[in-house]
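**Q** What follows is a predicted structure for the sequence shown.
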2 protein chains.
Amino acid sequence: MYGARVPPLWTNTVASHREEVRRTITEAAWSLATRHGPMSVTMSQVATEAGIGRATLYKYFPDVESILHAYHERHVVEHLARLSQLRDAAVGPKRRLEAVAAGYAQICHHRTGHGNVDLVALVHQADRVSEAEKQLVALVEETLADAVAKGVVRADNPVEELALYLVHALGAAQNLRSKAAVQRLVTVTLGALDHRHPRPATD
Amino acid sequence: MYGARVPPLWTNTVASHREEVRRTITEAAWSLATRHGPMSVTMSQVATEAGIGRATLYKYFPDVESILHAYHERHVVEHLARLSQLRDAAVGPKRRLEAVAAGYAQICHHRTGHGNVDLVALVHQADRVSEAEKQLVALVEETLADAVAKGVVRADNPVEELALYLVHALGAAQNLRSKAAVQRLVTVTLGALDHRHPRPATD
DNA sequence: CGGCATCGATACATGGTGTCACCTCCACGA
DNA sequence: TCGTGGAGGTGACACCATGTATCGATGCCG
């Protein structure tokens, strides 16, 4: 389902079962973390929740942090695919930027209900930022850079900084209630990127 | 240093010592968390690092999460005081908003070096948002509301949403390197709040 | 059909957890 | 000044989580 990872004809029964178990484990751990807080999750609890032996669990993951990290990684990959699709479906740099921004805001918004937002931050352990996440930031940066080159986004700031601004600002969507509010957030956030900035001060 | 909290003549030896120990404990725990990750911090480690008995530690805090939470709370109180001061020192709603925004960005920026950023998110455990933090958001909302009332900030969005946008966007400062970059971030972020928004689409 | 490898569970040594009873020492009143 | 109350600090204890080693079971491959 998430793509074959070994040469064809070799991913039949064993590997698929292992992936199934991995999925069960990660979801069980995430469920526990959202319910009782990430600090209190133990390997024993995860094993019980997943319905496997505790020793077996250690053959899949070394500790709780790795499990949560794997869960997060899987979802980031999904989001990356979705954003790529949204970007490619839109025409023109402005539309593409809007599509990616709106898509990212939606993703953040959906995190509100089905899980503790702060868990995401937890898995961002120090330097352990995942490869998929770098790709995600890279996607945003590319889209932005294109928009800057076409003159629809202000060029007076480094693209990396604008991308950082964009991602953080849109992350506020996770605290919003309605979809309308998310739409307003996207509009406001993109407004700051307008090529007609900066403006003369009114004071 | 942090202001007397009991009626005068009553904060002599015992209470001050207790506060001293609390401070030592919280800083020891934060140090461990930044070094080895928050998931691996144990009460035993904290007790050893703080130089007290493990049983004594339980007379101050029930678990690791509470310790980290207390550390964070103390700093939020400091930040709140600083932002209040900045706001009161500035004249006019526009200047006040700029001062508060710049101050908050600086605070986020300073978190980069001396500690893992994600720890902050960790202590935001679910519904356990601290009172001081609510006050901080309230401060931002008040400043924004005043600016909206005076016509220097766009009025086509709810103030709570704009405050959320502002705080999240400025939070990007923690990933920036230079002070100049932080200044650019503040400018870009505040640009979206300009009262001359929304603009006609160019497409 | 039998070797082979991997999966899964019980067993055990180690270390963290939470909580006593007990000790020490400051604060206050006679 | 001194004794007593009460609060802080500590060692000890029982319990649980951890990580690993060993063993039986199951399915793939020649």
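**A** Thanks, I have it. These numbers were taken from a predicted model, which means no experiment stands behind them. Numbering: from 1, shown residues only, chains lettered A, B, ... in the order given.
**Q** Correct me if wrong: residue A:73 contacts residue A:130.
**A** Yes - the pair residue A:73 and residue A:130 qualifies as a contact (CB atoms under 8 Å) at a distance of 5.0 Å. Where you see a C-beta, it was placed from the backbone N, CA and C, and this is true even at glycine.
**Q** quick one, phi/psi of the closest residue to DNA strand C within chain A?
**A** Nearest residue of chain A to DNA strand C (CB to the nearest atom of the strand) works out as residue A:53 at 2.2 Å. Torsion angles at residue A:53 (phi, psi; degrees, to the nearest 10) stand at phi -70, psi 150.
**Q** cool, residue A:194 as well?
**A** According to degrees, to the nearest 10, residue A:194 has phi -50, psi 140.
**Q** The longest helix seen in chain A close to DNA strand C?
**A** When chain A is parsed with DSSP state H, its longest helix is helix A:64-89. No - if you take CB under 7 Å from any atom of the strand as the test, helix A:64-89 misses DNA strand C, and the best it gets is 13.2 Å.
**Q** Could you list the domains of chain A?
**A** A:1-62, A:64-203 (automatic domain parsing).
**Q** Can I get these in JSON lines including mean pLDDT and mean neighbour count?
**A** Below are the domains of chain A laid out as JSON lines (pLDDT from 0 to 100; neighbours: other CB atoms under 10 Å in any protein chain shown):
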{"stretch": "domain A:1-62", "mean pLDDT": "76", "mean neighbour count": "15"}
{"stretch": "domain A:64-203", "mean pLDDT": "86", "mean neighbour count": "18"}
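**Q** Take the ones you listed and lay them out in JSON lines including distance to residue B:137.
**A** Below are the domains of chain A laid out as JSON lines (distance: least, CB to CB, whole Å):
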{"stretch": "domain A:1-62", "distance to residue B:137": "22"}
{"stretch": "domain A:64-203", "distance to residue B:137": "10"}
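**Q** do you know which of those lies nearest DNA strand D?
**A** The minimum distance between DNA strand D and those falls on domain A:1-62, with 3.2 Å, by CB to the nearest atom of the strand.
**Q** returning to what we had before: is the longest helix of chain A positioned near chain B?
**A** Yes - using CB under 8 Å from any CB of the partner chain, helix A:64-89 reaches chain B at A:64-65.
**Q** From the contact counts, what lies against the helix or strand that comes right after that helix?
**A** Next in sequence after helix A:64-89, counting helices and strands by DSSP states H and E, comes helix A:93-111. Judged by 3 or more CB pairs under 8 Å, 6 or more residues apart in numbering or on different chains; DSSP states H and E, helix A:93-111 is in contact with helix A:64-89, helix A:131-149, helix A:159-170, helix A:179-191.
**Q** try it again with 10 Å
**A** Helices and strands touching helix A:93-111, by 3 or more CB pairs under 10 Å, 6 or more residues apart in numbering or on different chains; DSSP states H and E, are helix A:64-89, helix A:117-123, helix A:131-149, helix A:159-170, helix A:179-191.
**Q** Let's have those helices in JSON lines, adding distance to residue B:68.
**A** Below are the helices and strands packed on helix A:93-111 laid out as JSON lines (distance: least, CB to CB, whole Å):
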{"stretch": "helix A:64-89", "distance to residue B:68": "16"}
{"stretch": "helix A:117-123", "distance to residue B:68": "12"}
{"stretch": "helix A:131-149", "distance to residue B:68": "24"}
{"stretch": "helix A:159-170", "distance to residue B:68": "23"}
{"stretch": "helix A:179-191", "distance to residue B:68": "30"}
